[in-house]
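**Q** sequence first, predicted coordinates after that:
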Amino acid sequence: MLPWKRLLRPVVALLLTATVATLPAATAQAATSAVSSGWNDYSCKPSAAHPRPVVLVHGTFGNSVDNWLGLAPYLTSRGYCVFSLDYGQLPGVPFFHGLGPIEKSAGQLDAFVDKVLAATGAAEADLVGHSQGGMMPRHYLKFLGGAAEVNALVGIAPDNHGTTLSGLTRLLPYFPGAEDLLSTTTPALADQIAGSAFLTQLNAGGDTVPGVRYTVIATKYDQVVTPYRSQFLNGPDVRNVLLQDLCPVDLSEHLAIGLFDRIAFHEVANALDPARARPTTCASVFS
């Protein structure tokens with residue numbers, strides 16, 4: 001084994017450890033609490049005010065509970081039927097999902113949306129995703145017929161055009177076999193590198209599909225999806241939002257914007273219900 005390969009495995013382990021540090025320890029208890037509070041409650045029926053269920057799509061290394069301990073209660077308290085899924089699981093890797101091939105993950109999302117629509121009786125759903133979860137649904141919309149089942153996609157710090165990790169991914173060609181190893185062990189990470197075959201196919205012919213409203217909420221302090229403007233989409237029915245344009249003192253980075261930033265949450269609510277949207281400002285943290 002080449003020396004750099006020995007180094008790569010501890011780096012992946014370090015990423016996992018760092019992710020653990022950002023997640024609550026009582027995931028199972030949180031899941032039980034989620035159902036009792038109306039989140040992932042399949043008896044929930046959408047109201048006239050909020051006629052579409054909201055499906056939350058976690059990011060890389062995330063899962064259906066820990067990624068949404070902030071946003072899911074925020075939305076359920078406002079009368080939404082909220083559901084979340086696990087996708088992109090790797091054999092023998094518990095809790096940390098979103099690591100499998102993104103094309104396969106999009107198929108899992110397709111099946112989950114079908115399940116939610118059948119349970120709620122709704123004709124369409126709205127999707128809200130963080131990081132990979134804001135980009136992966138675009139494959140479902142574009143190639144798996146999702147545009148007929150989805151009204152809106154809201155991406156929070158999505159890697160729509162991939163990431164350079166502040167230039168680090170450009171070093172991969174200098175380490176023979178690195179890209180192959182990444183593709184084999186954690187396919188989703190390879191798929192998210194700027195210029196990957198997956199992203200090239202996804203973005204060919206345009207970023208959007210007709211019939212779906214798109215919102216992207218980004219932060220200029222994002223240290224994971226870089227450059228941050230690569231998150232923005234081009235096309236009709238697109239609204240690109242930079243968090244600091246709404247609140248200049250908001251310092252949220254890639255994790256914070258999805259996990260607990262109520263200014264970002266307020267803008268998510270606006271995107272889900274544009275007819276009742278209220279201006280998002282720094283004071284939205286108290287709303």
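**A** Received, thanks. Numbers count the residues shown, from 1 in each chain.

**Q** surely residue 161 touches residue 204?
**A** No. Counting by CB atoms under 8 Å, residue 161 sits too far from residue 204 to count as a contact (12.0 Å). All C-beta spots, glycine's among them, are computed from the backbone N, C-alpha and C.

**Q** who has more neighbours, those two?
**A** The residue with more neighbours, out of residue 161 and residue 204, is residue 161; 20 against 9, by other CB atoms under 10 Å.

**Q** mind checking pLDDT for that one?
**A** pLDDT for residue 161: 97.

**Q** what sits against it?
**A** Residue 161 makes contact with 194, 199, 203, 230, 231, according to CB atoms under 8 Å, 6 or more residues apart in numbering.

**Q** kindly report the same for residue 88.
**A** Residue 88 makes contacts with 60, 97, 98, 99, 100, 101, 102, 104, 105, 108, 132, 188, as judged by CB under 8 Å, 6+ apart.

**Q** now do the strands in the stretch 51-200 of the chain.
**A** Along the stretch 51-200 of the chain, counting by DSSP state E, counting those that start in this stretch, strands occupy 54-57, 82-85, 125-130, 150-156.

**Q** coming back round to it: filter the contacts of residue 88 down to the buried ones, ChimeraX style.
**A** The buried residues among the contacts of residue 88 can be selected in ChimeraX (16 or more other CB atoms under 10 Å) with this line:
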select :60,97,98,99,100,101,102,105,108,132,188
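
**Q** out of the contacts of residue 88, who's nearest residue 272?
**A** Ranked by distance to residue 272 (CB to CB), these are led by residue 132 at 20.4 Å.

**Q** so how far is residue 106 from the closest one?
**A** As for residue 132, its distance to residue 106 is 11 Å (criterion: CB to CB, to the nearest Å).

**Q** please apply the same query to residue 67.
**A** Distance, residue 67 to residue 106, using CB to CB: 17 Å.

**Q** those two: which is more packed in?
**A** residue 67 (29 against 23).

**Q** would you mind confirming that residue 287 makes contact with residue 266?
**A** Yes. A contact is recorded between residue 287 and residue 266 when judged using CB under 8 Å, the distance being 5.8 Å.

**Q** give me the common contacts of these two.
**A** Where contact means CB under 8 Å, 6+ apart, the residues bridging residue 287 and residue 266 through contact with each are residue 278.

**Q** okay, those two: which has more neighbours?
**A** Per other CB under 10 Å, whichever of residue 287 and residue 266 has more neighbours is residue 266, with 23 against 13.

**Q** helix or strand: which one has that one?
**A** Assignment of secondary structure by DSSP states H and E places residue 266 within helix 262-272.

**Q** spatially nearest residue to residue 45, not counting backbone neighbours?
**A** Taking CB to CB, 6 or more residues apart in numbering as the measure, residue 45 lies nearest to residue 120, with 6.2 Å between them; neighbours along the chain are not counted.

**Q** okay, now residue 226: neighbour count?
**A** When counting by other CB under 10 Å, one arrives at 20 neighbours for residue 226.

**Q** related to what we said a few turns ago, Throw the contacts of residue 88 into a markdown table and include pLDDT and distance to residue 247, thanks.
**A** Shown next, in a markdown table, are the contacts of residue 88 (pLDDT from 0 to 100; distance: CB to CB, whole Å):
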| residue | pLDDT | distance to residue 247 |
| --- | --- | --- |
| 60 | 94 | 26 |
| 97 | 96 | 31 |
| 98 | 96 | 28 |
| 99 | 95 | 33 |
| 100 | 96 | 36 |
| 101 | 97 | 37 |
| 102 | 97 | 32 |
| 104 | 98 | 37 |
| 105 | 98 | 32 |
| 108 | 98 | 35 |
| 132 | 97 | 25 |
| 188 | 94 | 31 |
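
**Q** closest to residue 271 among the contacts of residue 88?
**A** Here the nearest of these to residue 271, counting by CB to CB, is residue 132; it sits at 18.8 Å.

**Q** and the closest one, what does it touch?
**A** Contacts here follow CB under 8 Å, 6+ apart; on that basis residue 132 touches 59, 60, 88, 98, 102, 158, 159, 188, 192.
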